[in-house]
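**Q** Sequence plus the predicted model coming up.
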Amino acid sequence: MSEHHTRAELFRSLHTPGSPLVLVNAWDAASARVVAAAGVRAVATTSAGVAWSLGASDGDVLGRDAAVDLIGRITAVVSLPVSADIESGYGATPAEVGVTTRAVLDAGGVGVNVEDARREAGPPLRDVPDQCARIGAVRAAADAAGLPLFVNARIDTFLTGAGDVDETVARASAYLAAGADGIFVPGVVDPVTIGVLVRAVPAPLNVLAGPGAPTVQELARLGVARVSLGSSVAEAAYAVARRAANEALGAGTYGALADAIDYGTLNALMR
């Protein structure tokens, strides 16, 4: 069994309801090394952070090649399983999403997030049959490669305000039947709603956490299997840059830099 296959199996095994996989999402090689050194069990990217770091906005603006190149840079510097946020698949058709999936696998990825939000004009979410075809293409590409890729189907009903619990559960059922392994529902922080989703979705449930969300321990008690911090870590890092700039250009002081990782530590992480 290849090392790639072993990492994929490991990543799949980490999705345990009640003992959630905590993902402190990275956006470049250095942030991946930092969170790996902190003790995470796997590394996942944030599409927003990746896009911003490469000079693009989030929302299917970044091209496939740039996104996949970043995955390869991260898999080259960490020995942990790496999951890629591929937005809606970097492709207009299911076949193109399959091409993206194969490229992620070739770059060393062992998991993908695929969202059902639409970026073009029209309804905020893709039609269920269309999204199922895209998820099916992801699964088919992984199967053809002989790798147990973990397919995390992101459902944006709550994030976009386009659906309720019933719509979310219906989409989850369809996506699981199409080949998804887990369900990601960002925008839900209410413990009661999370508990309902855990009981109604017969697969590992992933939630997006941050300030105001239940703690990891509380989410574990609710039966959540995966907790993602998403783009908030990159947002916080860029906030430091803005505070430092405002402070240096205003008061002429440098307090915003007081809690930085020192040069020697950070440089050593990249060796």
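**A** Now that the structure is in, tell me what you want to look at.

**Q** Look up phi and psi at the residue positioned nearest the centre of the chain.
**A** Centroid-nearest residue in the chain: Asp85, 4.5 Å away (criterion: CA atoms, centre = their mean). As for Asp85, its main-chain torsions (degrees, to the nearest 10) stand at phi -80, psi 110.

**Q** Gly182 reaches Val207, doesn't it?
**A** No. At 11.2 Å, Gly182 does not count as touching Val207 under the criterion of CB atoms under 8 Å. Where C-beta positions appear, they are placed from N, C-alpha and C, glycine not excepted.

**Q** shared neighbours, those two?
**A** Arg226 (CB atoms under 8 Å, 6 or more residues apart in numbering).

**Q** Need the contact partners of the one helix or strand Ala268 maps to.
**A** Secondary structure here is read from DSSP states H and E; on that basis Ala268 sits in helix 263-269. Surrounding helix 263-269, the residues in contact under the criterion CB under 8 Å, 6+ apart are 30, 33-34, 37.

**Q** Count the residues that sit near Val216.
**A** Other residues lying near Val216 total 13 when counted by other CB atoms under 10 Å.

**Q** In this structure it contacts Pro20, no?
**A** Yes. Between Val216 and Pro20 there is a contact at 6.6 Å, judged by CB under 8 Å.

**Q** While we're on Ala121, how confident is the model there?
**A** What the model reports for Ala121 is a pLDDT of 72.

**Q** Then His15?
**A** 98.

**Q** Kindly provide the distance from it to Ala141.
**A** For His15, the distance to Ala141 (CB to CB, to the nearest Å) stands at 20 Å.

**Q** Same check on Glu115?
**A** Relative to Ala141, Glu115 is positioned 17 Å away (criterion: CB to CB).

**Q** and what of Asn25?
**A** The separation that Asn25 has from Ala141, given CB to CB, amounts to 23 Å.

**Q** In terms of neighbours, single out the busier of those two.
**A** Between Asn25 and Ala141, counted using other CB under 10 Å, the more crowded position is Asn25 (27 against 23).

**Q** Check the nearest residue to the more buried one once chain neighbours are set aside and give its pLDDT.
**A** Nearest residue to Asn25 in three dimensions, chain neighbours excluded: Thr46, at 3.9 Å (CB to CB, 6 or more residues apart in numbering). pLDDT recorded at Thr46 is 98.

**Q** so what's Ile74 up against?
**A** Taking CB under 8 Å, 6+ apart as the definition of contact, the neighbours of Ile74 are 26, 28-29, 32, 43, 45, 82.

**Q** rerun that using 7 Å as the cut-off
**A** For Ile74, the residues meeting the contact criterion (CB atoms under 7 Å, 6 or more residues apart in numbering) are 26, 29, 32, 43, 45, 82.

**Q** That's all I had, so thanks and see you.
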